[in-house]
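Colleague: Got a predicted model here, sequence first, then my questions.
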Amino acid sequence: MRYLTFALAKGRLAKKTLKLFSSMGIDCSEALDPDTRKLIFVNEEHKLKFFLAKASDVPTYVEYGAADCGVVGKDTIMEEGRDLYEVMDLGFGKCRMCVCGPESARELLSRNEIIRVASKYPNIAKSYFTEKKNQTVEIIKLNGSVELAPIVDLSEVIVDIVETGSTLRENGLTVLEEICPLSARVCVNRVSLKMQHDRIVKLLDEMKKILDSEEGGKS
């Protein structure tokens with residue numbers, strides 16, 4: 001039996017996913033070791049491989065078959081636009097993709113004026129304004145703190161992930177429009193889903209059972 005390979009987005013999503021696998025009886029202690037320098041972790045018993053990657057690279061590994069499956073945020077799947085299947089919402093890492101700015105920018109959005117939009121997610125921003133709102137915008141790609149853009153007059157609004165909204169409030173900004181809800185998703189390589197269909201579906205079913213039981217325990 002060949003290995004089934006998972007690419008996991010580094011950080012909180014990877015930790016939560018590995019803990020989920022641990023709850024399924026799959027030993028992930030080596031991967032969860034904070035001092036490890038290894039990049040690839042192998043579970044011989046279940047014939048599984050895990051590797052940690054930068055979130056934006058996970059869909060690429062999955063599309064090209066370097067990983068059979070990936071776990072990454074919905075925002076990354078949308079932004080990267082790779083050819084893969086999104087098969088499951090894991091329900092953790094919940095947040096929202098929003099258009100944010102000072103309250104004064106609300107009128108510019110309602111009047112459909114040409115505005116500048118700063119974002120780490122230029123593809124999501126462009127798609128939202130051109131396809132959903134039919135509004136002409138200039139997209140400015142930033143890599144750092146996008147909240148700065150409206151404050152220093154680089155843009156009228158920003159498109160960014162909002163979790164609690166505290167950073168926005170501290171900088172005099174607010175959520176003006178919600179684009180979509182976000183959370184961690186499982187994505188699968190198209191060929192892998194055909195060739196390893198039963199194994200992948202069985203794993204997804206086991207993951208769902210654990211998540212459902214955890215949800216049931218909270219309520």
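Modeller: Structure received.
Colleague: Please count neighbours and contacts with C-alpha atoms only from this point.
Modeller: Noted.
Colleague: got any ranges where this protein has weak pLDDT?
Modeller: Filtered on pLDDT under 70, the chain yields the residue ranges 217-219.
Colleague: and residue 72, what is it in contact with?
Modeller: Residue 72 sits next to 8, 9, 13, 55, 58, 59, 184, 185, 186, 187 when contact means C-alpha atoms under 8 Å, 6 or more residues apart in numbering.
Colleague: who touches stretch 134-150?
Modeller: 101-102, 112-122, 125-126, 129-130, 155-158, 160, 168, 171, 173.
Colleague: domain parsing for the protein?
Modeller: Following automatic domain parsing, one gets these domains for the chain: 4-93+183-218, 95-181.
Colleague: just to revisit the earlier point, looking at the contacts of residue 72, which is nearest residue 216?
Modeller: Nearest to residue 216 out of those is residue 184 (C-alpha to C-alpha; 19.2 Å).
Colleague: List the residues that contact the closest residue to the closest one other than its chain neighbours.
Modeller: Counting by C-alpha to C-alpha, 6 or more residues apart in numbering, residue 184 lies nearest to residue 73, which is 4.3 Å off, once chain neighbours are set aside. Residue 73 makes contact with 13, 55, 93, 182, 183, 184, 185 under the criterion C-alpha under 8 Å, 6+ apart.
Colleague: And the strands in this protein?
Modeller: 4-9, 40-43, 48-53, 69-73, 85-89, 95-101, 115-119, 137-141, 157-162, 174-182, 184-188 (DSSP state E).
Colleague: now the contacts of residue 72 as CSV including distance to residue 35 and neighbour count?
Modeller: Putting the contacts of residue 72 into CSV (distance: C-alpha to C-alpha, whole Å; neighbours: other C-alpha atoms under 10 Å) gives the following:
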residue, distance to residue 35, neighbour count
8, 18, 26
9, 18, 25
13, 18, 21
55, 20, 22
58, 22, 29
59, 26, 31
184, 25, 25
185, 27, 23
186, 26, 22
187, 28, 27
